[in-house]
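Give me coordinates for this.
(chains A and B, ligands or ions: 3)
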Amino acid sequence: MKGNEALAEAVIRSGCRFYGGYPITPQNEILEYISWRMPEVGGAFVQAESELAAINMVLGAASAGARALTSSSGPGYSLFQEGISYLVAGDIPAVIIDVARFGSGIGEISQGQCDYKLVTRGNGHGDSHLLVLAPCSVQESVDLMMQAFPLAEKYRHPVILLSDAAIGQMVEPVNLPEPQTVDINRDAWTVKGCKGQDESKKITNVFYYMDDYNSYLRDKYQKMQEEEQRWESIMTEDAQLILVAYGISARVCKEAVRMAREKGVRLGLIRPISIFPYPGKAFKNIPDSCKALMTVEMSITGQMAEDVRLAVNCRYPVYTYGTGIKVPGSSDVVRYASDIIEGKIDKEVF
Amino acid sequence: MVIKAPDRITYTDGHSFCPGCGHGTAIRLIGEVLQELKLEEDSIIVLDVACGGMPIDVWRYDTIEAAHGRPVPTAVGVKMVRPDQPVLAYLGDGAAYSIGLAETIHSARRNDNIVVIVLNNCVFGMTGGQMSPTTLQGQVTTSSPNGKNMESGGATLDVVKLLSSMDIAYLARGAICDAANIRKAKKYIKKAMEKQLNQEGFSLVELLSPCPTNWKMTPSRCADHIKEHVTSIFPVGEFIGKEGEQV
Ligand SMILES: Cc1ncc(C[n+]2csc(CCOP(=O)(O)OP(=O)(O)O)c2C)c(N)n1
Ligand code: SF4
Ligand SMILES: [Mg+2]
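Ligands and ions are numbered 1, 2, ... in the order given. Below is the predicted model of the structure:
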């Protein structure tokens, strides 16, 4: 199946029963697929007038107890910020898909990975961080989508699934999971009418009614740090240089590791699957053989490199092979990594 | 005469409207309508963060306080999940006609089956009385110190003119200025709720309302001003969906 369509089917199977979204390439297939599929399972689909409306519809639907989702890409994701910040402040679980594309401003419809800072550092005003999952294949898009709502509900917090144009358009075989459903009345806190109850439910900033919100929010993020770091490590044990990449770039890097090793260049790969919380634990046992790390990403400035520097506590140089609008080529990655190992590159950013 | 507050509204607890504010009357009318129609335990209300957000702490209906200007799309999300339950959005003129105008119009265009009550006090009350799209020509506000005019603030927006071509269930405007008008306003709210129960679609009821603090007038001056001046610019009445019990 095509990445975006498989992901859309997983949205339905994860028990999502409200979708509001606004068209934007390269995620239109998600909205289009859900437009006919959602009514089949008795859920609601709205093509909203804007991403601003969509995210606030999601806030209402999630507050009313449904698993609710919206999807967009770069420019639309920027417009979500208001609602995302409020989902965090209101302790409201929901899922947002960002199929990243290239560029600031009006952007470009082709592939890119320039929303890294936006999804890990952005998310509106306040101390808003979201749990962000970044698949690197069609199957993994489906699998992570199935985990997204349970995670959102575990923390009463919004979750982002960060895909990209390349994965969204890719066709791969996929195993679809069994469909889930949830009861919209399952949680006490949601608005459902105050039948038979003296008190009513209030959805607003939770800190209005909390004595120590600072600790509450810190503890929530701390628990995510402890329990939700996800990654894959490939051949890092004896690596001379460790590549770090997520999403489409990670696929390229897997190939690069194989090619390099055939030539006797010992590359390894750390592939973050959760990018917030960042999988710092993956960087705990870097071997003595390792001279440097190198992020491979489709951004111009190496948006993820900062997280890698933090993860290694600046003990190793961190380079970036940032390709912007082009998908990195595996042989170029090997060449650049070899140059770093041989001391030919002095700038840390490509 | 004894005015009894609706069972689920407690004005004493956390209520912080300024004396003479129209919001207090408007939320009482909403509460009375819900009680009379026996909808209090089933309804879900969505408020704006502006002055009209305060009822969240003085009433006991399941309530969402939406982001500024977003009560309408938030209410749409609720309604789509719970189509059999009454959903009402309550917001100010700044919320409905400035930052949230697109959302208001598109909800009307979809004829979403919700009730939208807009409290129009012709200013941004909460933030200190700046001009809003409904500020009258010549009106002095904190952001139109010499009186609003076309050059400094543009035209005055009339929701009735804006929505009257639309295929919606109900459109009415009432005024919170005297007993007769308040009774009428309550009937409009009730009719809108009944239309929602009958699955007729989108209803918008605008309530012209005093903001004594920012109008810098006593409550009784405000009432006269609404009767004499504001209603001459914004006529009250039913404009779409009149049929049913004559109000
Ligand atoms: C995005 C955003 N912009 C601005 C504000 C500040 N703000 C709060 S209420 C308000 C205007 C309120 O005017 P209105 O909707 O007419 O309500 P009133 O207080 O007059 O009843 C503004 C501008 C905000 N809360 N959020
Ligand atoms: S500022 Fe105006 S609208 Fe706000 S509570 Fe006071 S009188 Fe009411
Ligand atoms: Mg106002």
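
tell me the contacts of A:Ile12?
A:34, A:37-38, A:41, A:43, A:179 (C-beta atoms under 8 Å, 6 or more residues apart in numbering or on different chains). Quick note: C-beta positions are derived from backbone N, CA and C, even for glycine.

Following the chain onward from the host helix or strand of A:Pro150, which element is next?
Per DSSP states H and E, A:Pro150 falls inside helix A:138-155. The helix or strand immediately downstream of helix A:138-155 is strand A:159-164, counting by DSSP H and E.

Can you give me the buried ones in the helix or strand that that next one is followed by?
Reading on from strand A:159-164 to the C-terminus, the next helix or strand found by DSSP H and E is helix A:165-169. Neighbour counts over helix A:165-169 (16 or more other C-beta atoms under 10 Å in any protein chain shown) mark A:165-168 as buried.

Over to stretch A:336-343?
Those would be A:336-338, A:340-341, for stretch A:336-343 by 16+ other C-beta under 10 Å.

quick one on the thing from earlier: does anything pack onto the helix holding A:Pro150? Which helices or strands?
Contact here means 3 or more C-beta pairs under 8 Å, 6 or more residues apart in numbering or on different chains; DSSP states H and E; on that basis helix A:138-155 packs against helix A:3-13, strand A:95-102, strand A:131-133, strand A:159-164, helix A:213-227.

Same list (these) but as CSV, adding mean pLDDT.
Shown next, in CSV, are those (pLDDT from 0 to 100):
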stretch, mean pLDDT
helix A:3-13, 98
strand A:95-102, 96
strand A:131-133, 98
strand A:159-164, 97
helix A:213-227, 98
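
so which of those gets nearest B:Met166?
Minimum separation from B:Met166 across those (C-beta to C-beta) falls at strand A:95-102, 31.2 Å.

pLDDT below threshold where in chain B?
Low-confidence segments of chain B (pLDDT under 70): B:1, B:12-15, B:245-247.

I'd like to check which residues are in contact with the closest residue to ligand 3 within chain B.
Closest approach between chain B and ligand 3, counting by C-beta to the ion: B:Gly92, at 3.7 Å. B:Gly92 makes contacts with B:48, B:50-52, B:118-121, B:124-126, B:132, as judged by C-beta under 8 Å, 6+ apart.

Give me the contacts around stretch B:31-41.
By C-beta under 8 Å, 6+ apart, the residues outside stretch B:31-41 that reach it are A:193-197, B:5-9, B:43, B:59, B:61, B:86, B:186, B:189-190, B:193-194, B:197.

In strands, which of the buried residues of stretch A:336-343 fall?
Assignment to strands by DSSP state E places none of those there.

so which of these comes closest to chain B?
A:Tyr336 (44.9 Å; C-beta to the nearest C-beta).

residues in chain B within reach of chain A, list them.
Within chain B, the positions adjacent to chain A are B:8, B:40-44, B:46, B:53, B:56-57, B:59-67, B:70, B:73-82, B:85, B:102-103, B:106, B:110 by C-beta under 8 Å from any C-beta of the partner chain.

Counting only helices, which of these make the cut?
B:73-81, B:102-103, B:106, B:110 (DSSP state H).

Buried ones only from those residues, please, as a ChimeraX command.
Here is the ChimeraX command that selects the buried residues among those (16+ other C-beta under 10 Å):
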select /B:73,74,75,76,77,78,79,80,81,103,106,110
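
in the ones in helices among the residues of chain B next to chain A, which two residues are the furthest apart from each other?
The widest separation within those (C-beta to C-beta) is 22.2 Å, between B:Val81 and B:Ala102.

Strands of chain A, start to end?
Going by DSSP E, chain A shows strands at A:16-21, A:44-47, A:67-72, A:95-102, A:108-111, A:131-133, A:159-164, A:202-203, A:231-234, A:241-244, A:267-272, A:274-276, A:292-297, A:318-322.

so which residue of the stretch 1-150 of chain A comes closest to ligand 1?
A:Glu82 (6.5 Å; C-beta to the nearest ligand atom).

if we can go back for a sec, for the helix holding A:Pro150, give me every contacting residue.
A:1-3, A:6-7, A:9-11, A:13-16, A:67, A:93-95, A:131, A:133, A:135, A:158-159, A:161, A:163, A:167, A:170-177, A:180, A:182, A:220, A:223-224, A:228, A:273.

Put the buried members of those residues into a PyMOL selection.
Restricted to buried positions by 16+ other C-beta under 10 Å, the PyMOL selection for those reads:
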select buried, chain A and resi 1+2+3+6+7+9+10+11+13+14+15+16+67+93+94+95+131+133+135+158+159+161+163+167+170+174+182+220+224+228+273
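
Stretch B:224-242 spans what distance, first to last residue?
27 Å (C-alpha to C-alpha, to the nearest Å).

check whether it contacts ligand 3.
No - judged by C-beta under 5 Å from the ion, stretch B:224-242 stays clear of ligand 3, getting no closer than 12.6 Å.

Now do the phi/psi pair for A:Ala64.
Backbone geometry at A:Ala64, expressed as degrees, to the nearest 10, gives phi -90, psi 0.

burial count for it?
Using other C-beta atoms under 10 Å in any protein chain shown, A:Ala64 has 29 neighbouring residues.

Ok, A:Glu140 next?
The burial count for A:Glu140: 21, using other C-beta under 10 Å.

How much space separates it from chain B?
Here the criterion is C-beta to the nearest C-beta, to the nearest Å. By it, A:Glu140 lies 29 Å from chain B.

Report the angle between the helix holding A:Pro150 and strand A:95-102.
With axes from the mean of the first three to the mean of the last three C-alpha atoms, to 10 degrees as the basis, helix A:138-155 and strand A:95-102 are set at 130 degrees to each other.

Report the buried residues of helix A:138-155.
For helix A:138-155, using 16+ other C-beta under 10 Å, the buried residues are A:138-155.

Please tell me how far it is from the chain's geometric centre.
In this view, helix A:138-155 has its centroid 10 Å away from the chain centroid, taken as C-alpha atoms, centre = their mean, to the nearest Å.

Same check on stretch A:8-16?
17 Å.

cool, stretch A:248-267 as well?
Worked out by C-alpha atoms, centre = their mean, stretch A:248-267 lies 24 Å from the chain centre.

Same question for stretch A:314-321.
23 Å.

Run a quick neighbour tally on the closest residue to A:Lys192 other than its chain neighbours.
Excluding its sequence neighbours, the residue lying closest to A:Lys192 (C-beta to C-beta, 6 or more residues apart in numbering or on different chains) is A:Asn185, at 5.8 Å. As a burial measure, A:Asn185 scores 11 neighbours (other C-beta under 10 Å).

Hmm, A:Asn185 is touching A:Val191, no?
No - at 10.8 Å, A:Asn185 and A:Val191 do not qualify as touching, with contact defined as C-beta atoms under 8 Å.
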